[in-house]
Every structure is written in structure tokens, then in C-alpha cells.
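1. mind looking at a prediction? Sequence and model below.
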Amino acid sequence: MAAPRLPPARLSGVMVPAPIQDLEALRALTALFKEQRNRDTAPRSIFQRVLGILKKSLHDVQLACRDSSQAEHLASSLQLITECFRCLRNACIECSVNQDSIRNLDTIAVAVELILLLRELQTEQESLLTAFRCGLQFLGNIASRNEESQSVVWAHAFPELFFTCLNHHDKKIVAYSSMIMFTTLNSERMSELKETLNVAIGVIEAHQLQPESEWPFLVITDHFLKNSELVKAMYAKLSNQERVTFLDLMITKIVGDDPLTEDDIPVFLSHAELIADTFVNDCRNVLKLTSEHQTEDEEVLVIIRLLDVLCEMTAHSALLTYLQAFPDLLERVIDILRLVHVAGKDSTNLFTPTGCIKAEGDISSVADGFKSHLIRLLGNLCYKNKANQDKVNELDGIPLILDSCSIDDSNPFLTQWVVYAVRNLTEDNSQNQDLIAKMEEQGLADASLLKKMGFQVEKQGDRLILKCTVHWARDAPVNKMHAHALLKLMFL
């Protein structure tokens, strides 16, 4: 390729400006490498020369790190560092030959050392941030679609570079470092990540600070959630706020546009065990919201989000059967539903149906959301599962579900899940049908409202039969299938 010839290196220290010819030649190379034909014909000697400039610039930065007063004289060195990184970044675009040549010169090690030194300078110079960003872009490009380069980048970058960059105040630095992690992570390296959980937690924190950034999101959803051991270890170390964020991302993965694959199911069964076990053990903590002085509690937010995850998991056919048989889950859902229902009736708190105290943020509608999702989860757990249908009956869950709707008759969202749960509790279950039919005969339920909800009671000989007059799909709100029936089942 017709590339400008670089003059001999003449950098001797921080105080000596870099020769302008080097910078101009580097900029010319950077521009040439934008074209594929120039990348394909680049001689190895060019990359040796660029590396030489980087090494001499590294010496300048080292001097500035030892003597902070020298940092102000780094302008020319930072320009050279930036242009070296840009040149190498462009050379690596869709060119494995250049990636290999640059890697084999040990350029990655020099780049990582430089980036860490730039962070150590702790200066707000825009030229330093630009060099920092370009260095990360180079590491991302040399690792792209190149397993050998990915291995070398990971070896030099993990864990210090990731931990250093993920908590940086500059959004681009956070995004680029997350991109590098996404590119270099694989199943084998997950074990290293598990041993250094502060890096994994740093990705969660990065997503919290920059929810609009694609790369931290992808690292979590496309890597972390594919490793059950990492998820268990990480979840135990997360703060409650971080757990809420992580559980939100798990929901996003389950209900996202890309459905769970067959390979995803085994690991998500493990996630389901973690979520269900945690909910069973901790769900009573939601009763903290019954305190008249309690307006917000992050531990409660975690319980609410655990319930949301269970609802979405049980809406997935591959996970439903496992959770339907999960020990104590159904019993605990009925138990906590009863407790919050009674708490809402006995005093004025966040579970009081109407005119209740409202909290700030995510828990402002606990009465509308938490009870609704408890009933939704019960409906899912009873879908085509007679053992669970009977268990709900044995635990007096049916009157509890119906009474929740009666008390909370201003909440159509709760009502639609009550209708759905009753449908699943009575499907092919004559015992549960008889129970509700007798409630209507005894005046405990208004027959006209039952009919509006899609049920009717008929007498056949000595028996009362509860019939469903409309069809509902599994785990779908009534307003999708029965748009005119957001109605209530009232108790007299």
C-alpha cells in the first residue's frame, strides 16, 4: 500500500514535543486504513513502528504518573497515543491478518498498560479522555471475531482494566469497556468472573447508571444469565437495589423478542429454583409495608420483583411444570395472600384497597400489583394441574381469592387475574366447581356477576354445575379475551 513513511522516533521525555511529522503520518495512516484494500496490504513493519511510538509515549505517561506536575506537559504525547490507537483500531476492522500481526507484536499488553496509566493520572483533560476511549476501541476491534486476540485481551484486561473502566464517570469509557467484556467473555472465563465478583457487580452498577447503554445490558442478558453458578454467587452479594435491577433484566430476558432457546432452558430452571426458593423464604418481609410509617423499603421491592419473575417464569411452558411442583411455593403464595389481604382490611396501609396510603416509586401501587400477581401466580400454578387445584381448595384459597376481588372491586387489574385463576381452578375439577356453585346457591356469590364474568351455575338433578361460558388462554389477562368483562365477583 502507498503509506506515508514514518521518520525515526525522537521522543525523549515529557518536556519535549513530539515531531509533527510522526503525528501527520499517523493521521494519514488512520485515514488510509478506513479502506479495506489498504488494510489488506499493510506491511507488518508499519505496526512495529506504531508500537514504537506507543512505547515511547508510555514512558512519558509513566513520568507524569510519578510526578503529577508533569501531566500538563503531556499534550503532544496524548495526541500521539490517540492517533496510534486510532490507526491500530482502523487497521483491525474486518482484517484478521492485521489483528494477528498487531497481537503478535505484544501491542495489547502495551495498550492495556497505557490505559491503566491514563486512568491513574486522574485528570479531566479532554485529550486524555479521547486517548482513553480510542485505546478501548482498539482493544474491542482487535478482539472482534478473533478468538486468539480475545484470549490475549482477556488475559491482560481482567480484572483490573474492567473494574477500572466500569465505574468511570465517562459514559463512553463504560460502554467501550463493556463492549470488550461482551466480546471476550465465554463459558470458560465465567469461572474467573465468579472468583472476582466485584467485576460482575460492576456491570450491574454500570447498567444502573446507564440503562440506555446497550453493552452492559448485553453482558448481563447474553452472558451472565447463561451461567447459573455465576448468578447464584452474584445474587448473594448484590445489594437490594442491585437485585431489583438484576431481576428486572431477568424478566426482560424471559419476555423479550428473542424467546428462550432449548439451550437456555436448563440454566433458567436453575434460576427458577433460586427465585422460588428466595421467595418462599423471604416473602413475608413484604409485610413491612403494613407499618403506617413505612413508605419505602428496598428489601420489599426485591420481594415484589421476585414475584414478578415467578409470574413470567410460570407463563413459560418449559418452566411451568417445574415450578408447579416446587416445594412449599403454592402454600406460601396462599399464606402471603391471606396475610396481606387481612392486613389491608384491618388497618390503613399500602394494602388497603381504596384511599390507601401511597408510597413513592415502584411500590406506590402495592395493593394493585402485589395481590394481583399473587393471584396470577396461583392461576398459573393451577393450570391443568389438578393436584394444585385441590391443594388450593384444601387451604381455603378459593374463598380468599374471591374475597380479594370483592374487597378490591375498584381494581380491574386484580379482577381480571381473579377471573383467570378461577377459570384454572375449576377446569376439569368438579370439586372446585361444586364449591363455587354452592357459594352461589347459598347467597355468597351474586349469580348475575358470575355470569358477567363468564360463569354460570346450572342445576342438574341434585347437583349444581358451574359452567364456563367463555374461553381464556393460559396466563392472559381477561381484557384480551373478554374485553367487556372487567367485572367483579361480589360477596354479600
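-> Received, thanks. Numbering: from 1, shown residues only.

2. list the buried ones in the longest helix seen in the chain?
-> The longest helix of the chain (DSSP state H) is helix 44-66. Neighbour-count burial for helix 44-66, counted by 16 or more other C-beta atoms under 10 Å, picks out 46-47, 49-58, 60-61, 63-65. In short, each C-beta sits where N, CA and C put it, glycine included.

3. for it, list the C-alpha coordinates in CSV.
-> Taking Å, rounded to 0.1, in the frame of the first residue of the first chain, the C-alpha atoms of helix 44-66 are listed here in CSV:
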residue,chain,number,x,y,z
ARG,A,44,3.9,-5.7,9.5
SER,A,45,6.7,-3.1,9.7
ILE,A,46,4.1,-0.3,9.9
PHE,A,47,2.6,-1.8,13.1
GLN,A,48,6.1,-2.2,14.5
ARG,A,49,6.7,1.5,14.0
VAL,A,50,3.4,2.4,15.6
LEU,A,51,4.1,0.2,18.5
GLY,A,52,7.5,2.0,18.9
ILE,A,53,5.7,5.4,19.2
LEU,A,54,3.3,3.9,21.7
LYS,A,55,6.1,2.6,23.9
LYS,A,56,7.9,5.9,23.9
SER,A,57,4.7,7.7,24.8
LEU,A,58,4.1,5.2,27.5
HIS,A,59,7.4,6.4,29.0
ASP,A,60,6.1,9.9,29.0
VAL,A,61,2.9,8.9,30.8
GLN,A,62,4.9,6.9,33.4
LEU,A,63,6.9,10.1,34.2
ALA,A,64,3.7,12.1,34.6
CYS,A,65,2.3,9.4,36.9
ARG,A,66,5.3,9.7,39.2
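
4. what's in contact with the helix or strand following that helix?
-> Downstream of helix 44-66, the first helix or strand assigned by DSSP states H and E is helix 75-91. Applying C-beta atoms under 8 Å, 6 or more residues apart in numbering, the external contacts of helix 75-91 come out as 11, 14, 17-18, 22-23, 26-27, 29-30, 33-34, 39, 42, 47, 50, 53-54, 57, 60-61, 98, 102, 107, 111, 114, 125, 127-128, 130-131, 134-135, 137-138, 141-142.

5. let's see it at 7 Å
-> 17-18, 22-23, 26-27, 29-30, 33-34, 39, 42, 50, 53-54, 57, 60-61, 98, 102, 107, 114, 127-128, 130-131, 134-135, 137-138, 141 (C-beta atoms under 7 Å, 6 or more residues apart in numbering).

6. residue ranges with poor pLDDT in the stretch 101-250 of the chain?
-> 122-124 (pLDDT under 70).

7. what's near enough to touch T278?
-> Per C-beta under 7 Å, 6+ apart, neighbours of T278: L306.

8. doesn't it lie inside a helix?
-> Yes - per DSSP: H, G, I helix; E, B strand; the rest coil, T278 lies within a helix segment.

9. apart from its chain neighbours, what residue comes closest to N385?
-> Q324 (5.1 Å; C-beta to C-beta, 6 or more residues apart in numbering).

10. before we move on, what about Y176?
-> L136 is the one closest to Y176 (C-beta to C-beta, 6+ apart), at 3.7 Å.

11. thought that neighbour was touching M181?
-> No - using C-beta atoms under 7 Å, L136 makes no contact with M181, being 10.8 Å away.

12. tell me the phi and psi of K34?
-> phi -70, psi -20 (degrees, to the nearest 10).

13. gap between it and Y322?
-> 52 Å (C-beta to C-beta, to the nearest Å).

14. more neighbours: those two, which one.
-> Each of K34 and Y322 has its neighbours counted (other C-beta atoms under 10 Å); Y322 has more, 16 against 10.

15. burial measure for I93, as a count.
-> I93: 16 neighbours (other C-beta under 10 Å).

16. which residues does the nearest residue to it once chain neighbours are set aside contact?
-> Residue nearest to I93 in three dimensions, not counting chain neighbours: N141, with 6.1 Å by C-beta to C-beta, 6+ apart. By C-beta under 7 Å, 6+ apart, N141 lies in contact with R89, C92, I93.

17. give me phi/psi at N141?
-> Per degrees, to the nearest 10, the backbone of N141 is at phi -70, psi -40.

18. repeat that for the one 5 residues further on.
-> Main-chain dihedrals, N146, degrees, to the nearest 10: phi -140, psi 100.

19. around it, how many other residues sit close by?
-> 19.

20. quick one: the strands in this protein, in order.
-> 455-460, 463-468 (DSSP state E).

21. distance of L139 relative to A131?
-> Counting by C-beta to C-beta - L139 and A131 are separated by 13 Å.

22. apologies, that question was intended for L117.
-> On the measure of C-beta to C-beta, L117 and A131 end up 10 Å apart.

23. who's more crowded, these two?
-> Legend: neighbour count by other C-beta under 10 Å for L117 and A131, higher for A131 (27 against 15).

24. ok, now which ones touch the more buried one?
-> L78, I81, T82, F85, L118.

25. distance check, the last one against F162.
-> Taking C-beta to C-beta as the criterion, L118 is separated from F162 by 15 Å.

26. and H207, by the same measure?
-> Distance from H207 to F162, by C-beta to C-beta: 14 Å.

27. can you count the residues close to the residue lying closest to F370 once chain neighbours are set aside?
-> In space, and not counting its chain neighbours, F370 is closest to I304: 5.8 Å by C-beta to C-beta, 6+ apart. Neighbour count for I304, taken as other C-beta under 10 Å: 19.

28. V203 now?
-> What V203 shows, counting by other C-beta under 10 Å, is a neighbour count of 25.

29. and the gap between it and N104?
-> In terms of C-beta to C-beta, V203 sits 30 Å off from N104.

30. how about G140?
-> 19 Å.

31. next one: V418
-> 67 Å.

32. the two - which one has more neighbours?
-> Between V418 and N104, V418 has the larger neighbour count (other C-beta under 10 Å), namely 27 against 14.

33. contacting residues around the more buried one?
-> So V418 contacts I375, I401, L402, S404, C405, L489 (C-beta under 7 Å, 6+ apart).

34. quick one: which of the residues you listed sit in helices?
-> I375, I401, L402, S404, C405.
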